[in-house]
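A.B. asks: fold the following and give me the result.
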Amino acid sequence: MENILKLITENQQMIYIVILMVFLGIEVIGRVPSVLHTPLMSGANAIHGVVIIGAIIVMGNASDDNYLALVLGFLAVVLGTLNVVGGFVVTDRMLEMFKKKK
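C.D. replies: Numbers count the residues shown, from 1 in each chain. Next comes the predicted model:
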């Protein structure tokens, strides 16, 4: 318990920044009209390719006996890939709606 309190005390500013980012994100997303939600979310999902790159870097720099970093890196790669593919699928479906029917 003492280690956790020390960790929180040392990283107090970063914790405040993350909490503020969460509230800011909720406010920004809450103010987006529903018509724009699909294009913005599909674009945001495509940007998550950065997560895949970061996870690959974490896995590459992790030592062989650090199973936590390897498992979390693998999960981040899998979930990031699903998110990117989902973003492109949503974008493709959205663009199909605007094509003229034959």
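A.B. asks: and the gap between residue 48 and residue 86?
C.D. replies: Residue 48 sits 9 Å away from residue 86, going by Cβ to Cβ, to the nearest Å. (Glycine included, C-beta is placed from N, CA and C.)
A.B. asks: I meant residue 65, not that one.
C.D. replies: With the distance defined as Cβ to Cβ, residue 65 ends up 34 Å from residue 86.
A.B. asks: tell me which of these two has more neighbours.
C.D. replies: residue 86 (15 against 7; other Cβ atoms under 10 Å).
A.B. asks: and the more buried one, what pLDDT?
C.D. replies: With respect to pLDDT, residue 86 scores 81.
A.B. asks: so what's it up against?
C.D. replies: Shown in contact with residue 86 (Cβ atoms under 8 Å, 6 or more residues apart in numbering): residue 45.
A.B. asks: may I see the buried residues of the one helix or strand it maps to?
C.D. replies: For residue 86, the host element (DSSP states H and E) is helix 67-97. The neighbour-count check on helix 67-97 (16 or more other Cβ atoms under 10 Å) flags 73, 76, 77, 80, 83, 84, 87, 90, 91 as buried.
A.B. asks: which pLDDT value does the model give the first one?
C.D. replies: Model confidence at residue 73, expressed as pLDDT, equals 89.
A.B. asks: quick one: residues contacting the closest residue to it other than its chain neighbours.
C.D. replies: Nearest in space to residue 73, with sequence neighbours left out and distances taken as Cβ to Cβ, 6 or more residues apart in numbering, is residue 59 at 3.5 Å. Contact partners of residue 59, counting by Cβ under 8 Å, 6+ apart, are 69, 70, 73, 74, 77.
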